[in-house]
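# Got a predicted model here, sequence first, then my questions.
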Amino acid sequence: MADQAAPVPSPRYVNLDYAASTPLRPEARAAFDAFDASDIAGANPNSLHSLGRRAARALDGARADIASTLGSRVRPSDIVFTSGGTESNHLALLGLAEALRARDAKRSRVLVSAIEHDSVIDNLAPLKARGFTCDLVPVTDDGILDLDQLEGMLGSDVALVSIMLANNETGVVQPVRDAARLAHAVGALVHTDAVQGWLHIPVDVTDLDVDALSLAGHKVGGPVGIGALYIRPRIAVAPQVRGGGQERGLRAGTQDVRGALALAAVARALHPTIPEDRARVAALADRLYARLLDDPRVTATTGDVSRVERLPGIVSILVAGAQSEDLILKLDRAGFAVSAGSACSSGSAEASHVLRAMGISEDRAAGSLRISFDDRVDPDDLDRFADVLKELLR
């Protein structure tokens, strides 16, 4: 790529990396302020005195608000608060697998899709250390779980299948319900990492037929450091953090009431308008795709974007002949924050496991970019971004 004069910077710095983390919404900030000004600020919800009981009621109210976003049949008691999506996935992967194997010794295999987030993939090593066999389920070249492959890998020895709701790099929505049907047919439990999709697309755990579902606050404008794990009633989970009886004995540690209330405030604000927000943001993504794909060097990571169901605010592209690290730094100087589908270290870029699982070569993956946003995006900023990237490529 020829090194020409830098494009005219954006009039203000624009964050287009919302799939990594999002700015705090005003509803969350208001919940923080209200809590900090209240008598229960800092109170332990597990204490017997009146402040503790009031804090516990506030926490239960937040639990009910989160439950209401996951379907009409979800009870507040089905929600376990955690420190975020990573901990929720850890508790689900190890807790579900260990609990089922304790009841049925032959259940010693765990299957996860080859495109799971690192917070799922990195739990395979501790599972193996505890005697489990772990296998990756392949995906198609457009990033969708291969259900035929999954069916062939399932058997009576499988304890758990974990399939993400939607991929954090490509935005592709996964066939969780179909995977759950296959897994339950052989008696396995099913977990889905819904961190990237929750409150961006409708989520109903009854419709998905999953036994556990992870979510997190910072992907939707809630605070960093708060998340939750939905657990289907009567499903046993082996606790992974011990030291107290909090969260039904499944997650020790004094609960973050302040964070839970802020997360609940965001859930109340976003859940009623998911269909409208999804349609508007998806239309903006489609428009951005159309503008970027006009350049012959740019292709969509998933090929034909109209062929797959996607999260509304993730645009994933490959730029031929380019290095994503170079593009990210130049876009940063021009006033835009984006990310890549590759992990850059020691001055070199290695294709992410997601892109490799899709059969994308190292050369093509080297130019990967992910542009992500939510309902708060300014359409003019997306237009300016497209203009700047095209100018860089010229």
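Perfect, I can see it now.
# Give me the neighbour count for residue 155.
12 (other C-beta atoms under 10 Å). From N, CA and C alone the C-beta is placed, and that goes for glycine too.
# Skip the chain neighbours and tell me the closest residue to it.
Once flanking residues are discounted, residue 155 sits nearest to residue 186: 6.1 Å by C-beta to C-beta, 6 or more residues apart in numbering.
# mind checking how far the one you found is from residue 39?
Counting by C-beta to C-beta, to the nearest Å, the gap from residue 186 to residue 39 is 52 Å.
# Residue 262 too?
For residue 262 relative to residue 39 (C-beta to C-beta), the value is 18 Å.
# Specify which residue of these two has the higher count of neighbours.
The neighbour count for residue 262 versus residue 39, taken as other C-beta under 10 Å, is higher for residue 262 (28 against 10).
# Thought residue 217 was touching that one, still the case?
Yes - assessed by C-beta atoms under 8 Å, residue 262 is found in contact with residue 217 at 7.2 Å.
# okay, and the common contacts of these two?
Listed as contacting both residue 262 and residue 217 by C-beta atoms under 8 Å, 6 or more residues apart in numbering are 28, 223, 226.
# Can you add neighbour count and secondary structure and give those residues back as TSV?
TSV is the format used below for the shared contacts of residue 262 and residue 217 (neighbours: other C-beta atoms under 10 Å; DSSP: H, G, I helix; E, B strand; the rest coil):
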residue	neighbour count	secondary structure
28	25	helix
223	23	coil
226	26	coil
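# Closest one to residue 212 out of those, please.
residue 226 (17.7 Å; C-beta to C-beta).
# Skipping adjacent residues, who's closest to the closest one in space?
Closest residue to residue 226 apart from its sequence neighbours, by C-beta to C-beta, 6+ apart: residue 259 at 3.4 Å.
# What of residue 360?
residue 351 (6.7 Å).
# for residue 181, same thing?
Per C-beta to C-beta, 6+ apart, closest to residue 181 is residue 209, 6.7 Å.
# I'd assumed residue 184 was in contact with the one you found.
Yes - under the criterion of C-beta under 8 Å, residue 209 makes contact with residue 184 at 6.8 Å.
# and for these two, which residues touch both?
With C-beta under 8 Å, 6+ apart as the test, residue 209 and residue 184 both reach residue 190.
# buried ones in stretch 214-227?
Residues of stretch 214-227 classed as buried by neighbour count (16 or more other C-beta atoms under 10 Å): 214-223, 225-227.
# returning to that earlier point: just the shared contacts of residue 262 and residue 217 now: which is nearest residue 381?
For the shared contacts of residue 262 and residue 217, the minimum distance to residue 381 (C-beta to C-beta) is 22.3 Å, reached by residue 28.
# Please report how far the closest one lies from residue 374.
Relative to residue 374, and taking C-beta to C-beta, residue 28 is found at 14 Å.
# and for those two, which residues touch both?
Overlap of the contact sets of residue 28 and residue 374 (by C-beta under 8 Å, 6+ apart) consists of residue 221.
# circling back to that earlier point, can you put the shared contacts of residue 262 and residue 217 in TSV and add pLDDT and distance to residue 269?
As requested, those are arranged in TSV below (pLDDT from 0 to 100; distance: C-beta to C-beta, whole Å):
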residue	pLDDT	distance to residue 269
28	98	9
223	98	14
226	98	16
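# which SS class is the residue lying closest to residue 126 once chain neighbours are set aside?
Of all residues not flanking residue 126 in the chain, residue 94 sits nearest, at 6.5 Å (C-beta to C-beta, 6+ apart). Secondary structure for residue 94, judged by DSSP: H, G, I helix; E, B strand; the rest coil, is helix.
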